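Student: With the input below, show me the fold.
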Amino acid sequence: MRIQRYIAKDMRSALSQVREAMGPEAVILSTGTIGDQVEVVAAIDVEVAREFAAPRAAAPLTQNETIEHPPVRRASSQLSEALVPRAPAAQVPPVAAAAPAAPPAGEHSELANEVKDMRRMLEAQLATLAWNDMSRRSPLQAAMLKELAQLGITQDLAGSLARKIPPNLNFSAARRFALATIARTVQVTGDRWLETGGRIAFAGPAGAGKTTLLAKLAARWVLRHGPRRVALVSADAMRIGAHEQMHMLGRLLGVTAHTVYDVAELPDLLDALSGQQLVLIDTAGASPRDPDLARRLRLMNQANARIETSLVIPASIQAGAIEEAMKLFAVARPGSCVITKVDEAVSLGGVLSALVRHKLPVAYVSDGQRVPEDLQPARAHALVSRAVEIASRNGASADDEVMQRRITGATHGR
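Tutor: Numbering: from 1, shown residues only. Prediction:
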């Protein structure tokens, strides 16, 4: 077991030194202060330590410094005994006696679980110290991190925003600064589809509301321009009744409706629809475990010069699912996105965080089932205001325990 002492200006910096020098498997033994600086004592198993370079900012313990930590010392002793069994000298030659042997599976598992439990306990203590240290040193930054957490903004974006806030602002001004920064970063396309037309294929997770969105856009076009020069296409051969639903919508609106049974058929159909100003294409809802999804997305990517792929993101799913959808459908190279089911969302922080991270422009926001009323061209400031409204209505809160978990997650890259 290798034990090192790290000294830094604050807990976050000390923790970064530990991770850089020892890696993610390091265990925090103790923390303290030396004047205005923070001291952290960390330990790591020798076998794991060999994978990392010698620490650059570490202050090694001198012979006079002793770290009392019985659980770690006992675990180290048990591990040494398990890895190097002691045999009688008469039975084992001297050279063979120094060779390590694999520990019994049960004993190794028990010891590993003990170390993991100890690590989780110490990480929780460290997170508490880190949050308390930040609240004392930078109360405005800590208050803004808590405010952004209540909105559902992810830890990485919240940290970036908090660091940009000028130090001379009060809390109200800092809050306005952070929200305005988010609004300036979110990109929007305007109402260009309904103004100039286009060929748009809607892709997204199953149940995202793609068909309802298409109906709203088609109805808006008919109300504004009449039923001419618009066509509807169903490329959803997976959902029962999808083709029939599209043809029924076409009859209700007085526009032409077409069907294809595979995305590969779209180029030929688009040639036949070259005279149409607006072509709206409904694709099959996708699951990350769909074995045919990658092929369909590649075909959509190949047709990108002729159609615009727009990713439909339901605001009602969790931030992790939104991020997964963004990464999954990146193969199709979407040029825009539409946010649906805003009326069902408990938070818009995950949506805003994903939009900022991936720089994907938003075309429209859908917040209900009514056709065509519940659809508006996206406005960045309106999205941010809606996020604040939803958080306030749902009584969103972020206490110290929540903030400590977020700090721990950010430290370990989660």
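Student: Ser234 in helix, strand or coil?
Tutor: Three-state call for Ser234 (DSSP: H, G, I helix; E, B strand; the rest coil): strand.
Student: so where do the helices sit in the stretch 151-300 of the chain?
Tutor: 155-164, 171-185, 192-196, 210-225, 242-253, 266-272, 293-302 (DSSP state H, counting those that start in this stretch).
Student: any weak-confidence spans in the stretch 201-350 of the chain?
Tutor: The model of the stretch 201-350 of the chain has pLDDT under 70 over residues 237, 287-292, 301, 303-305.
Student: ok so, going back, so can I have JSON lines of the helices of the stretch 151-300 of the chain showing mean neighbour count?
Tutor: The C-beta positions use only the backbone N, C-alpha and C, and glycine is treated the same way. As requested, the helices of the stretch 151-300 of the chain are exported to JSON lines (neighbours: other Cβ atoms under 10 Å):
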{"stretch": "helix 155-164", "mean neighbour count": "17"}
{"stretch": "helix 171-185", "mean neighbour count": "16"}
{"stretch": "helix 192-196", "mean neighbour count": "15"}
{"stretch": "helix 210-225", "mean neighbour count": "20"}
{"stretch": "helix 242-253", "mean neighbour count": "16"}
{"stretch": "helix 266-272", "mean neighbour count": "14"}
{"stretch": "helix 293-302", "mean neighbour count": "17"}
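Student: could I get those helices as JSON lines with distance to Gln4?
Tutor: Converted to JSON lines, the helices of the stretch 151-300 of the chain look like this (distance: least, Cβ to Cβ, whole Å):
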{"stretch": "helix 155-164", "distance to Gln4": "26"}
{"stretch": "helix 171-185", "distance to Gln4": "37"}
{"stretch": "helix 192-196", "distance to Gln4": "58"}
{"stretch": "helix 210-225", "distance to Gln4": "55"}
{"stretch": "helix 242-253", "distance to Gln4": "61"}
{"stretch": "helix 266-272", "distance to Gln4": "60"}
{"stretch": "helix 293-302", "distance to Gln4": "46"}
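Student: right, and these - which one's nearest Ile390?
Tutor: helix 171-185 (13.7 Å; Cβ to Cβ).
Student: quick revisit: can you say which of the helices of the stretch 151-300 of the chain is nearest to Gly349?
Tutor: Among those, helix 155-164 sits nearest to Gly349 (Cβ to Cβ), with 8.8 Å.
Student: about what we covered before: show me the one of the helices of the stretch 151-300 of the chain that comes nearest Met326.
Tutor: Using Cβ to Cβ, the helices of the stretch 151-300 of the chain put helix 293-302 closest to Met326, at 12.9 Å.
Student: on contacts alone, who are the packing partners of the helix or strand that that closest one is followed by?
Tutor: Later in the chain than helix 293-302, the nearest helix or strand by DSSP states H and E is strand 308-314. Strand 308-314 makes packing contacts with strand 198-203, helix 319-328, strand 336-340 when contacts are defined by 3 or more Cβ pairs under 8 Å, 6 or more residues apart in numbering; DSSP states H and E.
Student: out of those, nearest to Leu111?
Tutor: Comparison of these against Leu111 by Cβ to Cβ identifies helix 319-328 as nearest, at 32.5 Å.
Student: And that closest one, how far out from the chain middle?
Tutor: 7 Å (Cα atoms, centre = their mean, to the nearest Å).
Student: Identify each buried residue in it, please.
Tutor: Ala319, Ile322, Glu323, Ala325, Met326, Leu328 (16 or more other Cβ atoms under 10 Å).
Student: care to break this protein down by domain?
Tutor: Per the record, the chain has its domains at 2-137, 139-178+400-411, 192-378, by automatic domain parsing.
Student: Show me the one of those that comes nearest Asn394.
Tutor: The nearest among the domains of the chain, by Cβ to Cβ, is domain 192-378 at 5.6 Å.
Student: Can you give me the end-to-end span of that closest one?
Tutor: 11 Å (Cα to Cα, to the nearest Å).
Student: just stretch 159-176 next, same as before
Tutor: 16 Å.
Student: Which two of the buried residues of helix 319-328 have the greatest separation?
Tutor: Every pair of those checked by Cβ to Cβ; the farthest is Ala319 and Leu328, at 14.8 Å.
Student: one step back: to Val356, which of the helices of the stretch 151-300 of the chain lies closest?
Tutor: Nearest of these (Cβ to Cβ): helix 171-185, 4.9 Å.
Student: Who are the packing partners of the closest one?
Tutor: Looks like helix 171-185 contacts helix 139-150, helix 155-164, helix 349-358, helix 380-393 (3+ Cβ pairs under 8 Å, 6+ apart).
Student: let's see 6 Å
Tutor: helix 139-150, helix 380-393 (3 or more Cβ pairs under 6 Å, 6 or more residues apart in numbering; DSSP states H and E).
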